[in-house]
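S.K.: could you look at this predicted model? Sequence included:
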Amino acid sequence: MSKSITAEGLREWLVAAKPVTVLDIRTREDRAQWSIPGSIHIDAYNDLKQGRHGALADAVLPVVCPVVTICNMGVVSQAAAQALQARGFEALFLDGGMKSWSLAWNTAAVPVADERIRVIQIRRTGKGCLSYLVGSQGEAFVLDASLPPSIYLTLASEHGWCIRYVLDTHVHADHLSRSRALATEAGATLLLPPQERVHFPFTRFAHGDTVTFGAVTLAAVACPGHTLESTSYAVNRAALFTGDTLFLSGVGRPDLHADADEARERARLLYHTLKRLLADVPEVLVLPGHASEPVWFDGVPLVACLGDVAGRLRDWLACEEGFVERILARIPPAPPNHTRIVEWNEAGVLPEGDPTDLEAGANRCAIS
């Protein structure tokens, strides 16, 4: 009988840098959608389903124990673990497979010049979702919460912070927002960009508005393009949290929840938004809302200076028409279930049962 490990158990091993070989036995097509950083791949799924060991029969694996086998749902990976046990390996399978891994996360501290402020990047690794906990002098805000509220509450408590504000940069289409639930549990103020989309109470946080606590001055910067309500948030004019408007080497897609004409108009708005953002001080830190790949357990924050990002996008922004055509020609497939996810986020509630059924797979918010 194969032993299993939970997603939280494997996450803790990776956070602690415990020696382990993570073996993905899914098909190449499934692995291409999303994977666990650092995992190795042997396409043995179809053979194992047919009762054959296939490539696992003589696969050469790193001499690192234990081996954790991975499939989509945690069923076929049990057979993989048994095959490796028969060869003398200490092998376990990931209980629930990649579906259970959807909520796995890790953190990285973002270096900021002001020692009175701490910025923690919280990475939902499989989805590539990046949320942020920013604290100063006993208080904090959380931005774009994509994980259960308990995670943010625990992290804040570990730093001696009380969560005072919770914000979203826009109405998300690739993951279920936990921001309203977090604000309720934390007794915090929920700040959202002005819009008519959501059907629950919130405090409007419009372009030019600011809130302060400790050494933090948080300012709203309207950034229409990815969505009409998209808003970035600046902290002390030293860091810019850009949501899905601006990434480290790409930009947000303008087509979700829009027809062809609306997508073209949004692309034009995005062009002018980016020209304005990228004209700011080059040393400002850009902190995006997503990563394009699963995030490693390395403690290295995903961040870049605005000047570096501007350099990567210089050719894109040479002219408006060229930018619009480039963007519309590169739009990737829509995130799975994005229409239903938007509906839940506009309602401000989470579906009953396991929400990861809706959120399966990587995000597809960036154009690069």
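M.R.: Structure received.
S.K.: and the most centrally placed residue in the chain, what does it touch?
M.R.: The centroid of the chain falls nearest to Cys129 when counting by Cα atoms, centre = their mean (0.5 Å). Contact partners of Cys129, counting by Cβ atoms under 8 Å, 6 or more residues apart in numbering, are Arg123, Asp144, Ser146, Leu147, Asp174, His175, Gly289, His290, Asn363. C-beta here means a position set from N, CA and C on the backbone, and glycine is covered the same way.
S.K.: closest to Glu352 out of these?
M.R.: His175 (17.2 Å; Cβ to Cβ).
S.K.: what's the biggest helix by length in the chain packed up against?
M.R.: Ranked by residue count under DSSP state H, the longest helix found in the chain is helix 260-277. In terms of contacts (3 or more Cβ pairs under 8 Å, 6 or more residues apart in numbering; DSSP states H and E), helix 260-277 is packed against strand 251-252, helix 320-329.
S.K.: one more time with 10 Å
M.R.: Judged by 3 or more Cβ pairs under 10 Å, 6 or more residues apart in numbering; DSSP states H and E, the packing partners of helix 260-277 are strand 216-222, strand 231-235, strand 239-243, strand 251-252, helix 306-312, helix 320-329.
S.K.: for the next helix or strand after it, packing partners?
M.R.: For helix 260-277, the following helix or strand on the C-terminal side (DSSP states H and E) is strand 285-288. Packing contacts for strand 285-288, counted by 3+ Cβ pairs under 10 Å, 6+ apart, involve strand 118-124, strand 129-136, strand 231-235, strand 239-243, strand 304-305, helix 306-312.
S.K.: with Thr210 as the reference, name the closest of these.
M.R.: When these are compared (using Cβ to Cβ), the closest one is strand 231-235, at 9.1 Å.
S.K.: redo the helices and strands packed on helix 260-277 as TSV? Include mean pLDDT, mean neighbour count and distance to Leu191.
M.R.: Formatted as TSV, those follow (pLDDT from 0 to 100; neighbours: other Cβ atoms under 10 Å; distance: least, Cβ to Cβ, whole Å):
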stretch	mean pLDDT	mean neighbour count	distance to Leu191
strand 216-222	98	19	8
strand 231-235	98	24	9
strand 239-243	98	27	12
strand 251-252	96	30	20
helix 306-312	97	17	23
helix 320-329	97	16	29
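S.K.: can I get those in CSV with distance to Ala86?
M.R.: Below are those laid out as CSV (distance: least, Cβ to Cβ, whole Å):
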stretch, distance to Ala86
strand 216-222, 57
strand 231-235, 54
strand 239-243, 49
strand 251-252, 49
helix 306-312, 50
helix 320-329, 51
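S.K.: which residue ranges of this protein form helices?
M.R.: Taking DSSP H as the criterion, the chain carries its helices at 7-15, 28-33, 45-49, 76-86, 97-101, 149-158, 179-186, 260-277, 306-312, 320-329, 338-347, 356-359.
S.K.: show me which residues of the first one are buried.
M.R.: It refers to helix 7-15. Of all the residues in helix 7-15, those buried under the rule 16 or more other Cβ atoms under 10 Å are Ala7, Leu10, Arg11, Trp13, Leu14.
S.K.: re earlier: wait, which of the helices and strands packed on strand 285-288 is closest to Leu56?
M.R.: strand 118-124 (30.0 Å).
S.K.: strand partners (parallel or antiparallel) of that closest one?
M.R.: The strands beside strand 118-124 in its sheet (DSSP bridges) come out as strand 105-110 (antiparallel), strand 129-136 (antiparallel).
S.K.: and the angle from the first one to helix 7-15?
M.R.: Pointing back at strand 105-110 there. Angle between the axes of strand 105-110 and helix 7-15 is 40 degrees (criterion: axes from the mean of the first three to the mean of the last three Cα atoms, to 10 degrees).
S.K.: what sits up against strand 105-110?
M.R.: If you take Cβ atoms under 10 Å, 6 or more residues apart in numbering as the criterion, strand 105-110 is touched by 8, 11, 14-15, 37, 117-127, 129-134, 146-148, 151, 155, 239, 285, 287, 295-303.
S.K.: against Asp47, how distant is Leu274?
M.R.: Using Cβ to Cβ, to the nearest Å, one gets 48 Å for the distance from Leu274 to Asp47.
S.K.: need the contact list for the closest residue to Ser2 other than its chain neighbours.
M.R.: What sits nearest to Ser2 in space, not counting adjacent residues and going by Cβ to Cβ, 6 or more residues apart in numbering, is Ala81, at 4.0 Å. By Cβ under 10 Å, 6+ apart, Ala81 lies in contact with 1-5, 23, 25, 56, 66-69, 89-94.
S.K.: list of residues touching the worst-scoring helix or strand of the chain on mean pLDDT?
M.R.: Taking mean pLDDT, DSSP states H and E as the measure, helix 356-359 is the helix or strand of the chain with the lowest mean score, a mean of 83. If you take Cβ under 10 Å, 6+ apart as the criterion, helix 356-359 is touched by 96, 98-103, 124, 126-127, 129, 146, 174-176, 335-338, 340-341, 344, 350-351.
S.K.: change it to 8 Å
M.R.: Taking Cβ under 8 Å, 6+ apart as the rule, helix 356-359 contacts 99-100, 102-103, 127, 174-176, 337, 340-341, 344, 351.
S.K.: returning to what we had before: more crowded one of Leu274 and Asp47?
M.R.: Higher neighbour count among Leu274 and Asp47: Leu274, with 23 against 20, using other Cβ atoms under 10 Å.
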